[in-house]
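Undergrad: return atomic coordinates for the entry below.
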Amino acid sequence: MREDGKIDYIEWAGGELPATKAFYAAAFGWSFTDYGPGYTAFEGQGADGGFVGDVTEEPAKPLVILYANDLEAMESKVVAAGGVVVKPIFEFPGGRRFHFIDPAGNELAVWSATGFE
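TA: Numbering: from 1, shown residues only. As a prediction, this is how the structure comes out:
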């Protein structure tokens, strides 16, 4: 069961997705689910995650993604605690999320599947 505030997902820059998928499949036995030509996801590797293959969207560093049952309430908590929202809530295939910068300058995201399950 997903819980508020727990690390739920991590995204990495994917570069050329076919080569990235081939590497992780060969080296570690990972399997993938493609969500269009610019994104592939993996699960069951200790922490679920995915690779972003669109160079205009890929993160410069790994992106840690937390979960929230109520995305709007969590966004309010993040802002009240001193976080700065850098990408307001938006939809993506499978849910919605927002990105924020913590006081140390790290970018994280929070997502919710509410309404998409």
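
Undergrad: who touches Gln45 in this structure?
TA: 28, 30 (Cβ atoms under 8 Å, 6 or more residues apart in numbering). In short, each C-beta sits where N, CA and C put it, glycine included.

Undergrad: number of residues surrounding the residue lying closest to Val85 once chain neighbours are set aside?
TA: Among residues not flanking Val85 along the chain, Phe100 sits closest, at 5.0 Å (Cβ to Cβ, 6 or more residues apart in numbering). A count of nearby residues for Phe100, using other Cβ atoms under 10 Å, gives 22.

Undergrad: show me the shaky parts of this structure.
TA: 114-117 (pLDDT under 70).

Undergrad: now the residue nearest to Val85: which helix or strand?
TA: Using DSSP states H and E, Phe100 falls within strand 95-101.

Undergrad: go on, Thr20?
TA: Per DSSP H and E, Thr20 falls inside helix 17-28.

Undergrad: Ser112 and Leu66 touch, don't they?
TA: No. Contact between Ser112 and Leu66 fails when scored by Cβ atoms under 8 Å: they sit 10.0 Å apart.

Undergrad: touching both of those two, which residues are there?
TA: Common contacts of Ser112 and Leu66 (Cβ under 8 Å, 6+ apart): Met74.

Undergrad: is Ser76 in a helix, a strand, or coil?
TA: Following DSSP: H, G, I helix; E, B strand; the rest coil, Ser76 is assigned to helix.

Undergrad: count residues in the vicinity of the residue nearest to Gly50 when sequence neighbours are not counted, would you?
TA: Of all residues not flanking Gly50 in the chain, Ala41 sits nearest, at 3.9 Å (Cβ to Cβ, 6+ apart). Other residues within reach of Ala41, judged by other Cβ under 10 Å, total 16.

Undergrad: the longest strand anywhere in the chain: partners in the sheet, and parallel or antiparallel?
TA: Secondary structure of the chain per DSSP state E: the longest strand is strand 84-92. In the sheet, strand 84-92 lines up against strand 95-101 (antiparallel) (DSSP bridges).
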